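Novice: Structure of the sequence below:
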Amino acid sequence: MLSGEVLADGFGRIREVVRSVLDGLDPQGLAHRPSGVGNSVGWLVWHLARVQDDHLADAFDADQVWTSQGWVERFGLPFDPTDTGYGHDGDQVAAVQVDGQLLLAYLEAVHARTAEHLSAVTDEDLDRVVDASYDPPVTLGVRLVSVLSDDLQHAGQAAYVRGLLTSTAG
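Specialist: Predicted structure coming up:
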């Protein structure tokens, strides 16, 4: 198995977890915030998709699907189009009131672009510096693993919040 294939498998796991989390979840469940202050499933999924879209577009010198495919307009969120959710406060988290099908469709678009990028990645590409502002500079391999790790954590958090809803219902 080649490096790009391993990475594609990892990013595919994010997609599968999120699909499971969103399956049948109504708008109230998507917006539920544990203890009224935690991150909602809707915000977590939106954020992980935005981070993947933003960071991979930058690493591969490509457009984000968020802006190039009109997702920013479809979501209609009260944020700057470049916002990924990093550092959001409680009011900003609460502002992410979205439909599960829209979230899933955006994630699918991001995943398709990610798969496209990864299909051409070689082992040598992983050493390419994508951000020289850090010491040491960030390589493509490090950036991809960072996004993969961050997104899997957020997908797990979304699954946990979904589980809280299930355990308190009934």
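Novice: shaky segments in this structure?
Specialist: 167-170 (pLDDT under 70).
Novice: Going along the chain, name the strands of it.
Specialist: 129-131, 138-139 (DSSP state E).
Novice: Give me whichever of those is most buried.
Specialist: strand 138-139 (a mean of 16; mean count of other CB atoms under 10 Å). C-betas here are computed from N, CA, C, even on glycine.
Novice: distance between it and the chain's centre?
Specialist: Centre-to-centre, strand 138-139 and its host chain are 20 Å apart (CA atoms, centre = their mean, to the nearest Å).
Novice: One more: stretch 43-52?
Specialist: The answer for stretch 43-52 is 3 Å, by CA atoms, centre = their mean.
Novice: Can you show me the CA trace of that stretch as PDB?
Specialist: The C-alpha atoms that make up stretch 43-52 are tabulated as PDB, following Å, rounded to 0.1, in the frame of the first residue of the first chain:
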ATOM      1  CA  TRP A  43     -20.800  22.600  14.800                       C
ATOM      2  CA  LEU A  44     -18.200  19.700  15.200                       C
ATOM      3  CA  VAL A  45     -19.000  18.300  11.800                       C
ATOM      4  CA  TRP A  46     -19.100  21.700  10.100                       C
ATOM      5  CA  HIS A  47     -15.700  22.600  11.700                       C
ATOM      6  CA  LEU A  48     -14.000  19.300  10.900                       C
ATOM      7  CA  ALA A  49     -15.100  19.600   7.200                       C
ATOM      8  CA  ARG A  50     -14.000  23.300   7.100                       C
ATOM      9  CA  VAL A  51     -10.600  22.500   8.500                       C
ATOM     10  CA  GLN A  52     -10.000  19.600   6.100                       C
END
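Novice: All set now, cheers.
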